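Novice: Fold the stuff below for me.
(one chain, ligands or ions: 1)
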Amino acid sequence: MADAQKITKNSDGTLSVPDCPIIPFIEGDGIGPDIWRATQRVIDAAVEKRYGGQRRIEWMELPVGEKGYAKTGNYLPPEALDAIEAHVVAIKGPLTTPIGKGIRSLNVAIRQKLDLYACVRPVRYIETVPSPMKHPEKINMVVFRENTEDLYAGIEWASGTDEAEALAEYLKTQMGSNIPPLAGIGIKPISPGNTKRLVASAIRYALENGFPSVTLMHKGNIMKFTEGAFAQWGYEVAKAQFGGQTITEADLYDTYDGEAPAGKVVIKDRIADMLFQQVLLRPDEYGVIATPNLNGDYISDALAAQVGGLGMAPGANIGDRCAVFEATHGTAPKYAGLDKVNPGSLILSGAMMLDYMGWKEAGTAVREAIQAAIKARRVTYDLARQIEGAEEVKCSQFGEAIVAQMK
Ligand code: NAP
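Specialist: Numbers count the residues shown, from 1 in each chain. Here you go, the predicted structure:
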């Protein structure tokens, strides 16, 4: 076995992944240690099963969150951020947001400091998991949510503050816009640069993973210069960077009689409220969805619910410099240390990470094994309470059950 080495990024944005990459992990707070133990066990087993002794991951722990504070007096030590950037790919459990310590959210800070501009959330049905849909198996979507701007940029002022009053006065006297008395005010910036890099990454993903369409989800009928511009810039980047590999929905019907030529991704756009209806009524017409921050927050949780809940939803935050794969739920403090909760979200995020590294056989092995383990109905409490005839097992036992299913 080769010595452990860092993953590196090539000038064209692709990765060079050694056979024994060093991957930093943040265990996380609350239930983090329980779900991380199960996850590491499953990922290591999948790599071992698929590549024998040829490949292996060398894990490197980064003390962040409560562990970081205990060790360094800092919840988010700068060395941890440097290490993630230096190693290109990392994985993390959930982190508690320390209340009253002047930190808005550690997760948001990590995304901002590393410029992880795309929040990527695949949504796929796992057989046996109870779903409110009649045909949840028709859902196979991946949401690319812009992570750095929109109403989440944190530019807002509370009702009655000097700043809110001054801005209201400026808008009234200089721009002719009236704001109701005592309104809190938030600013919604959406820029061409940040939109285009997000939509470009969504199109690249669709092309690489065989998705037939990228839908630009927006509310441009009302917010023309932010959400409407998002759609317009999305079409522009599709044409400029992927002209030979994409067609618009108009081309699809005008030129191709409704049948997309092989290998071409259809770029379409939908008004946000309409898309919420469509993903319930005709989910199989949608693949990759690219959208600004707030829409993306809503649609990714709604889609996760359609396939049976947030407990199993995987996710990643990806930028040009590095990528962090993470559980989408929080630290569930009441279950901390009980070896009880479902590690599925972090395990499936680990499978995404393996795909991202190009170790797709191992990623597929993880997804197939988790599917088989759930089908065998030996599951953690959250699934056991919904699946008829299921036997409740601990978090670690569920991890072992997944490993046992690996072919
Ligand atoms: P939460 O930790 O996600 O927990 C809410 C509920 O969701 C739990 O009580 C549990 O429901 C269910 N749940 C969550 N994870 C589960 C799992 N792995 N298996 C089974 N059930 C699971 O949300 P919260 O209580 O609002 O947040 C707690 C802390 O987490 C806060 O400090 C928050 O800032 C932080 N947080 C971190 C992240 C992150 O790191 N990305 C994300 C969100 C929140 P039942 O009790 O009904 O079983």
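
Novice: drop to CA atoms for contacts and neighbour counts, all remaining ones
Specialist: Will do.

Novice: Which strand or helix spans Ile84?
Specialist: If you go by DSSP states H and E, Ile84 is part of helix 78-87.

Novice: Just the buried residues of that helix, please?
Specialist: 80, 83-87 (16 or more other CA atoms under 10 Å).

Novice: following that helix, which helix or strand comes up?
Specialist: Sequence order places strand 89-92 as the next helix or strand after helix 78-87, per DSSP H and E.

Novice: Please save the CA atoms from the helix or strand following that following strand in CSV.
Specialist: Using DSSP H and E, the helix or strand that directly follows strand 89-92 along the chain is helix 106-113. Backbone C-alpha positions of helix 106-113 (Å, rounded to 0.1, in the frame of the first residue of the first chain) are rendered in CSV as follows:
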residue,chain,number,x,y,z
LEU,A,106,-20.2,27.4,12.6
ASN,A,107,-21.6,25.8,9.5
VAL,A,108,-22.3,29.0,7.8
ALA,A,109,-18.8,30.3,8.8
ILE,A,110,-17.2,27.2,7.2
ARG,A,111,-19.1,27.7,4.0
GLN,A,112,-18.2,31.4,3.8
LYS,A,113,-14.6,31.1,4.8
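
Novice: For helix 106-113, buried residues please.
Specialist: Buried, per 16+ other CA under 10 Å, within helix 106-113: 106-107, 110-111.

Novice: so that helix versus helix 78-87, what angle?
Specialist: Counting by axes from the mean of the first three to the mean of the last three CA atoms, to 10 degrees, helix 106-113 points 50 degrees away from the direction of helix 78-87.

Novice: Offset the numbering so it begins at 287, please.
Specialist: Fine by me, first position is 287 from now on; the one you just mentioned is helix 392-399.

Novice: For helix 392-399, give me every contacting residue.
Specialist: Around helix 392-399, the neighbours that count as contacts under CA atoms under 8 Å, 6 or more residues apart in numbering are 351, 361-362, 367, 381-383, 403, 433-434, 603.

Novice: Now find how far off-centre that helix is within its chain.
Specialist: 14 Å (CA atoms, centre = their mean, to the nearest Å).

Novice: near the ligand, anything from the helix or strand just after it?
Specialist: As assigned by DSSP H and E, the chain's next helix or strand after helix 392-399 is strand 404-410. No - contact of strand 404-410 with the ligand (CA under 6 Å from any ligand atom) is absent, the minimum separation being 11.4 Å.

Novice: In the sheet, which strands lie alongside the helix or strand following strand 404-410, parallel or antiparallel?
Specialist: Counting by DSSP H and E, the element after strand 404-410 in chain order, helix or strand, is strand 426-432. Strand pairing for strand 426-432, determined by DSSP bridges: strand 404-410 (antiparallel), strand 574-577 (parallel).

Novice: contact partners of the last one?
Specialist: For strand 574-577, the external contacting residues (CA under 8 Å, 6+ apart) are 427-432, 484-485, 488, 492, 497, 499-504, 516, 582.

Novice: One more pass at 7 Å, please.
Specialist: With contact meaning CA atoms under 7 Å, 6 or more residues apart in numbering, strand 574-577 is reached by 427-432, 485, 488, 492, 497, 499-504.
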